[in-house]
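Novice: below: sequence and its predicted model.
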Amino acid sequence: MERVNKMVSEKPIVIFSKTECCMSHTIKSLFYDFGVNPTIYELDEMSWGQEIEQALMRLGGNQALPAVFIGGEFVGGANEIMSLHLKRSLKPMLKRAGALWV
């Protein structure tokens, strides 16, 4: 978990993903549509990706990916991000994290 904490503290928006995950793709596309350039870690392309995925599962329950961190804080996965978006709460979070200027 220490490795995850270090990774998410260095950038305003961090998404842990897998290249073939459709939900990860959807969340990444949403952020790109906002004009946000998140830091993305594709765990299936990293030598220690499985270790990180296990740590993320301890944070987020039964579905680890995608795992989104905003301003260094774990926000959740696809369901939580889409819920925040529909409530119009996501953009203000991105602004507070310094990832969105509009």
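Specialist: Here it is on my side, so go on. Numbering: from 1, shown residues only.
Novice: strands along this protein, start to end?
Specialist: In the chain, the strands defined using DSSP state E lie at 13-17, 39-42, 67-70, 73-76.
Novice: report the beta-bridge partners for T39.
Specialist: Listed by DSSP bridges, the beta-bridge partners for T39 are V14.
Novice: do I have it right that it meets V14?
Specialist: Yes: contact status for T39 versus V14: in contact at 4.8 Å, counting by C-beta atoms under 8 Å. Backbone N, C-alpha and C define where each C-beta goes, glycine included.
Novice: sorry, back to before: highest mean neighbour count out of the strands of the chain?
Specialist: A comparison of the strands of the chain by mean neighbour count, using mean count of other C-beta atoms under 10 Å, puts strand 67-70 on top with a mean of 26.
Novice: give me the mean pLDDT for it.
Specialist: Average pLDDT, strand 67-70: 96.
Novice: distance from that strand to the middle of the chain?
Specialist: 3 Å (C-alpha atoms, centre = their mean, to the nearest Å).
Novice: equivalent analysis for stretch 31-41, please.
Specialist: 9 Å.
Novice: tell me which of the strands of the chain sits nearest to W101.
Specialist: Smallest distance to W101 across the strands of the chain (C-beta to C-beta): 13.1 Å, for strand 13-17.
Novice: just the helices in this structure please.
Specialist: Using DSSP state H, the helices found in the chain span residues 2-9, 22-33, 49-60, 78-86, 90-96.
Novice: can you add distance to K6 and give the strands of the chain back as TSV?
Specialist: Converted to TSV, these look like this (distance: least, C-beta to C-beta, whole Å):
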stretch	distance to K6
strand 13-17	11
strand 39-42	12
strand 67-70	12
strand 73-76	14
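Novice: of those, which approaches M93 most closely?
Specialist: When the strands of the chain are compared (using C-beta to C-beta), the closest one is strand 67-70, at 5.2 Å.
Novice: in its sheet, what does the closest one sit against?
Specialist: Determined by DSSP bridges, the sheet partners of strand 67-70 are strand 13-17 (antiparallel), strand 73-76 (antiparallel).
Novice: out of these, nearest to D44?
Specialist: D44 lies closest, by C-beta to C-beta, to one member of the strands paired with strand 67-70: strand 13-17, at 8.6 Å.
Novice: with that, I have no additional questions.
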